[in-house]
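Enquirer: Got a sequence here, can you build the structure:
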Amino acid sequence: MKKYTGYLLVGLVSSMTTLGGFYFVNNKENSPLISNAKNSNNGDFELVDYKGNYGYNAPNFVEASNKAVHTVVSIKNYSNQRQQQQQQFFDPFDFFFGQPEQQQRRQQQQQPDQDQPSGMGSGVIISQDGYIVTNNHVIAGASKIEVTLNNQKSYIAELVGTDPSTDIALLKINDKGLPFTKFVDSDAINVGDWVLAVGNPFGLTSTVTAGIVSAKGRSINILGKNSESPIESFIQTDAAINPGNSGGALTNANGDLIGINTAISSPTGAYSGYGFAVPANLVKKVVEDIKSYGIVQRGYLGIKGFDLSNDDAVKQYNKQYKKNVKSESGVLVTELVSKGSAIDSGIEEGDIIKEVDGKPITNFSNLSFIVGSKRPGDKVALKVRRGNTEKTYTITLKDAKGSTKVRSKADLTPTEILGADFEPLTERQKDSFGINYGVSVKINDNTAKLAEAGLQDDFILLSVNDKEVSSKADIEKVLKNYKGRVSIKFADYYGRIYTKGFTMN
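Expert: Got it, this is the predicted structure:
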């Protein structure tokens, strides 16, 4: 018993000593464990009390969320079911064996020519009289667009215009006094700023997620399939963005618009920490153009080039052309477009573009964003380095056709509205299909009339409004000043004939 009593006394004394020491340490002013976040040096380390006050209030997103959710809408895309299946599904056995008449009739019975929901997304109300901005890919191919507000009131929306280069579309619903978002200067946001993503992921309406601005000026090469001159300078965020968020709002901590959520980078197709939004300043410019002119006015430098900050691209260029270009910030001009803005102003191949209007150029997406935000006829100051000298050129921007004039939708040619180039049929094509008329289609706008009707490259357009066509001139003649319903007949790669219709507007 004496033996155990001794052990007990030793343990008691040890415990009291430990507690006393801990109390002493926690009450010394220079202790690293004291409250109120005071610092202390301890050898090579600096310790700080993480339990204290950090010196700022934690963010509260309640007011911003309440403000934003009422301006974000759900968008349902309705498209023709038969058209969807013709575009998306193809049985390779049809090529070898054809489709028996019974099978064709059965499929026609199973595929009624009617509108069916084909996709959902989000949109943002930007004016009290019902203008709504969304992504172009949300409404692509739609024969009917349904918009549902946060209060569950639904409308059939009018498509005012689209811009495939930025993936922005403008809709209009007929109502007044609607809640709407205010635009923020997206150039003024900083990496690390708090942001909210508001939308309808997976059909879950009025969903709000929070994160920060992870990066600015990101290019992820997703818009090139819809446009020959895409503009990608996305705001990157780690706020959770999922399918259905497309077209929704990216707001600041006050609930005001800094971008339109557009894409995610994910191996699974769902949120994995990388979301991308079109900056509000670019959205605003696109919307203003569509409202004022019916189409987007865009200036072009008329150059081809690449980022000198891309080490791999620099190495490949040096190897291919036996050059000794160094990696740095800026864009190297590798080719000039004939009669373009740059060549007319004295820019030469090999010049390195360093600044536009005093703004540093770090990469090609940065350059295309700044220039693409301008209109034909606008002037920009371009600072370039040629050899060891730098010089600034004043350049008057032209459009893609080489004009400095602003064009309206009424100035578009019929083939521009159709969104395709046309080539005469070869003798081999005529023999293969057993026809002596028609034109081969080359789609140049995947969001325009012909692409939405289901045509693809190398399909053959046979007739327009029941008139056989054999050249681009034939098409222009039939559709010149025409604004009504257009009927077209075309053949796919395998000679199957389709008849489609759309409104020429």
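Enquirer: Please count neighbours and contacts with C-alpha atoms only from this point.
Expert: Fine.
Enquirer: What helix or strand is residue 401 located in?
Expert: Per DSSP states H and E, residue 401 falls between elements, in no helix or strand.
Enquirer: what number of residues lie near it?
Expert: Using other CA atoms under 10 Å, residue 401 has 9 other residues around it.
Enquirer: Can you tell me how far it is from residue 441?
Expert: Noted for residue 401: a distance of 20 Å to residue 441, by CA to CA, to the nearest Å.
Enquirer: can you check residue 281 too?
Expert: Residue 281 is 36 Å from residue 441, by CA to CA.
Enquirer: For the residue nearest to residue 357 when sequence neighbours are not counted, list the residues it contacts.
Expert: Leaving aside its sequence neighbours, residue 357 sits nearest to residue 381 (CA to CA, 6 or more residues apart in numbering; 4.9 Å). Taking CA atoms under 8 Å, 6 or more residues apart in numbering, we find residue 381 in contact with 355, 356, 357, 358, 392, 393, 394, 395.
Enquirer: Nearest residue to the second one in space, please, no chain neighbours.
Expert: The spatially closest residue to residue 356, leaving aside those adjacent along the chain, is residue 382, at 4.7 Å (CA to CA, 6+ apart).
Enquirer: pLDDT at the one you found, what is it?
Expert: Residue 382 is assigned a predicted lDDT (pLDDT) of 95.
Enquirer: Which strand or helix spans it?
Expert: Residue-wise, residue 382 maps onto strand 379-386 under DSSP H and E.
Enquirer: Now the element after that strand, going C-ward?
Expert: Per DSSP H and E, the first helix or strand lying C-terminal to strand 379-386 is strand 389-396.
Enquirer: other SSEs contacting that following strand?
Expert: If you count contacts as 3 or more CA pairs under 8 Å, 6 or more residues apart in numbering; DSSP states H and E, strand 389-396 packs onto helix 341-345, strand 379-386.
Enquirer: Need the contact partners of it.
Expert: Outside strand 389-396, the residues that reach it (CA under 8 Å, 6+ apart) are 341-342, 345-347, 376-385, 404.
Enquirer: Residue 348: what secondary structure?
Expert: Counting by DSSP: H, G, I helix; E, B strand; the rest coil, the backbone at residue 348 sits in coil.
Enquirer: contacting residues around it?
Expert: Counted by CA under 8 Å, 6+ apart, residue 348 has contacts 333, 336.
Enquirer: quick one: it from residue 393, how far?
Expert: Note on residue 348: its distance to residue 393, by CA to CA, is 11 Å.
Enquirer: swap in residue 340?
Expert: Taking CA to CA as the measure, residue 340 falls 14 Å from residue 393.
Enquirer: neighbour-wise, which of these two wins?
Expert: In this view residue 340 and residue 393 are compared by other CA under 10 Å, and residue 340 has more residues nearby, 21 against 16.
Enquirer: what's around the closest residue to the more buried one other than its chain neighbours, how many residues?
Expert: Nearest non-adjacent residue to residue 340, counting by CA to CA, 6+ apart: residue 302, 4.7 Å away. Per other CA under 10 Å, the neighbour tally for residue 302 reads 20.
Enquirer: which secondary element of this protein has the worst mean pLDDT?
Expert: Using mean pLDDT, DSSP states H and E, the weakest-scoring helix or strand in the chain turns out to be helix 93-97, at a mean of 29.
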